[in-house]
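# Curious how this folds, go ahead:
(one chain, ligands or ions: 2)
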Amino acid sequence: MGEPVQWRTGEDGHAPDLHGREVPMRRYRPGEGVDAVVVGTGAGGAPLLARLARAGLSVVALEAGRHWAPARDFATDESEQNKLFWTDERLSGGDDPIGFGKNNSGIGVGGSTLHYTAYTPRAQPDDLRLRSEFGVGSDWPLAYEDLEPYYELAERVIGVSGPDSYPWGPPRRAPYPLAPLPLNGAAQLMKRGCRTLGIRTSPAANAALSGLYHQDGIGWRAACTNRGFCQAGCNSGAKGSMDVTFVPLAIGAGAEIRAESFVRLFETDAGGRISAVVYQRDGVEERQLCRNVFLCAGAVETPRLLLINGLANASGQVGRNFMAHTGLQLWGRFDEDVRPYKGIPGALISEDTHRPADADFAGGYLLQSIGVMPLTYAGQVARGRGLWGEALTRHMRGYNHTAGINILGECLPSPDNTLTLSDELDGRGLPKPLIRFSNGENERRLTAHAETIMRAIWSEAGASEVWAFPRNAHTIGTCRMGRDSENAVVDPDGRAFDVPNLFICDNSVFPSALSVNPALTIMALSLRMADRFLAAARA
Ligand SMILES: Cc1cc2nc3c(=O)[nH]c(=O)nc-3n(C[C@H](O)[C@H](O)[C@H](O)COP(=O)(O)OP(=O)(O)OC[C@H]3O[C@@H](n4cnc5c(N)ncnc54)[C@H](O)[C@@H]3O)c2cc1C
Ligand code: SF4
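Ligands and ions are numbered 1, 2, ... in the order given. Just a heads-up that it's a prediction; the model follows:
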């Protein structure tokens, strides 16, 4: 696989750990070809980076954002932590324009997992067979059984806390690595409302540690202190984001993370294979020669890079079928002192609505409790209720008595929901992405069904001043996976049909949205993709 050489020895060769201590990291010379360049270190990039490095491959990850040391660099302060969000402008159109920036994707080593809530349910087997079941949407070219061992591995590495017995989906082959987390205020209220309606609930699977946890190659990580600021980054390392789990594993196994390196171009050889990745660092353009590329930049930047480079798009599917989960939130006021900023924000779940008997739509949704930080909530109120100034201030006086629940529901792929390149250029001289999104009839019916149930739950729980905030969450689709090169961008192993040494692994390859939070499935896909790549390389 080619011996790596030290590059700029003594000048670099270190990366920060959780506490800001510098740990040794291998360096590769850009002018010498590495086995693989991984673009992006989020849920898609980091697991396969670790897996490939562990197998002895020379791998370099190029990451646009900084390599933070959470204990040193993360504050319990929402404004300060805006540094974790991808805030380059994205143009948003359609009937239901998606909110980007803080609402949708992250930047930095660890990607969007730096600020995710860490809800980590698995998909259910029928999530992957939507078209077979309903005649709409898309089937995945994989079965649950293909992902199952990788779900288990990902859960172990990031340290998922969960119940002894999870009421939905196939029986688990192994228990969750850690006991469930305590329920925060919103979760206790949701449980109360659901109980009287006969809706089953369970402590959620969440990648925050309910106890001290040890993993070889990572070391000890502290238990969650219920600080409640998961979406602003966890400064104790208790949350299983990529920077404190798969990234240290990758570095320990010999991978290099080149942070603050923004990828712009791919150079190809006469055979159509990518030979180098061109990126900008410290204002200087550099080229990393490579034998393979794993593009893991998320469902906006991945298709944008492919469109800018005119790559992997013989099917015309790059940028099509943009999806965003239906994510209605319902907020209410309670007599109880809820303190929504306290406790684990992702605490309680119900999948009783996975396939509702009275549904007039395809697919289903899950119900989850929400914890919320004050500025985030104020932003939701301003956007959702149009309250400003004195009216907003008055509303916020009741913040400590506020609790929310939300859904995560299926969103059908539609060729009309697209990502294209706009004529406007960004600060780097690259076309800004333009995303057009409109909910279809299926999403509207599903949301209406959910709102009725959610209002009943909050009513039973004793809520007053209930208000609904319709929204869509997560960026999904745009480079879909399939068996047919005419209809898909990558095959079931993530290999681009048109470019034999290009692999894609992130939210973009999902053929359908799944009615669960996506991160654990992305990690499982990433680990599987690495194994498929290694098996093909050995054959
Ligand atoms: C507030 C919030 C809460 C969430 N909570 C949950 C949750 O509870 N559970 C769940 O499952 N999901 C959750 N999500 C979603 C989840 O975080 C994402 O779906 C997931 O992390 C996406 O993984 P990815 O690999 O596709 O992209 P990302 O994790 O976003 O990684 C992409 C990486 O690529 C880098 N990159 C992009 N372009 C370039 C370039 N040109 N050059 C170099 N690097 C580049 C980015 O900086 C980033 O680090 C949440 C999201 C948000 C916004
Ligand atoms: S609630 Fe737990 S996991 Fe979330 S930020 Fe606080 S310590 Fe970290």
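
# of all the residues in the stretch 51-200 of the chain, which ones are close to ligand 1?
The stretch 51-200 of the chain comes close to ligand 1 at residues 62-65, 104-108, 111-113, 115-119, as judged by Cβ under 6 Å from any ligand atom. In this view, the C-beta of every residue, glycine as well, is placed from N, C-alpha and C.

# now the stretch 251-400 of the chain
Residues of the stretch 251-400 of the chain lying near ligand 1 (Cβ under 6 Å from any ligand atom): 262-263, 296-299, 301, 305, 346.

# Swap in 5 Å and give it another go.
262-263, 297-298, 301 (Cβ under 5 Å from any ligand atom).

# what pLDDT does Gly101 get?
Model confidence at Gly101, given as pLDDT, is 81.

# could you pull out the strands for the stretch 401-539 of the chain?
Taking DSSP state E, counting those that start in this stretch, the strands of the stretch 401-539 of the chain run over residues 402-409, 418-425, 431-436, 464-469, 472-476, 502-504.

# possible to save the ones you listed as CSV with mean neighbour count, mean pLDDT and distance to ligand 2?
Listed next are the strands of the stretch 401-539 of the chain as CSV, based on neighbours: other Cβ atoms under 10 Å; pLDDT from 0 to 100; distance: least, Cβ to the nearest ligand atom, whole Å:
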stretch, mean neighbour count, mean pLDDT, distance to ligand 2
strand 402-409, 26, 98, 16
strand 418-425, 16, 98, 31
strand 431-436, 20, 97, 29
strand 464-469, 14, 96, 22
strand 472-476, 26, 95, 18
strand 502-504, 26, 98, 29
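
# right, and those - which one's nearest ligand 1?
Taking Cβ to the nearest ligand atom, strand 472-476 is the member of those nearest to ligand 1, at 5.1 Å.

# Give me the angle between that closest one and strand 431-436.
Relative orientation of strand 472-476 versus strand 431-436 (axes from the mean of the first three to the mean of the last three Cα atoms, to 10 degrees): 130 degrees.

# What strands flank strand 472-476, and is each parallel or antiparallel?
Sheet pairing for strand 472-476, assigned by DSSP bridges, gives strand 323-326 (antiparallel).

# And the partner strand, how far out from the chain middle?
Offset of strand 323-326 from its chain centre (Cα atoms, centre = their mean, to the nearest Å): 13 Å.

# cool, and stretch 342-350?
That offset, for stretch 342-350, works out to 18 Å (Cα atoms, centre = their mean).

# Give me the buried positions along it.
342-350 (16 or more other Cβ atoms under 10 Å).

# And those residues, which two are furthest apart?
Spatially, the most separated pair among the buried residues of stretch 342-350 is Lys342 and Ser350, at 22.0 Å (Cβ to Cβ).

# would CSV of the strands of the stretch 401-539 of the chain with distance to ligand 1 be doable?
Conversion of those to CSV gives the following (distance: least, Cβ to the nearest ligand atom, whole Å):
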stretch, distance to ligand 1
strand 402-409, 9
strand 418-425, 13
strand 431-436, 11
strand 464-469, 14
strand 472-476, 5
strand 502-504, 10
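
# Take those strands and lay them out in a markdown table including distance to Trp458.
Listed next are the strands of the stretch 401-539 of the chain as a markdown table, based on distance: least, Cβ to Cβ, whole Å:
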| stretch | distance to Trp458 |
| --- | --- |
| strand 402-409 | 7 |
| strand 418-425 | 35 |
| strand 431-436 | 32 |
| strand 464-469 | 5 |
| strand 472-476 | 20 |
| strand 502-504 | 40 |
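
# Quick check: which of those is nearest to Gly217?
So among the strands of the stretch 401-539 of the chain, strand 502-504 is nearest, using Cβ to Cβ, at 23.6 Å.

# which residues touch Gln317?
479-480, 487-489 (Cβ atoms under 8 Å, 6 or more residues apart in numbering).

# for Ala208, same thing?
118, 161, 181, 224, 230, 234, 238-240, 344, 346.

# Could you rerun that using 7 Å?
Going by Cβ atoms under 7 Å, 6 or more residues apart in numbering, Ala208 touches 118, 161, 181, 224, 230, 238-239, 344.

# Nearest to ligand 1 among those residues?
Set against ligand 1, the nearest of the contacts of Ala208 by Cβ to the nearest ligand atom is Ala118 (5.2 Å).

# Next one: the closest one from ligand 2, what distance?
To ligand 2, Ala118 is 7 Å away according to Cβ to the nearest ligand atom, to the nearest Å.

# Quick check, that residue in contact with Ala204.
No - contact criterion Cβ atoms under 7 Å: Ala118 and Ala204 do not qualify, at 9.2 Å.
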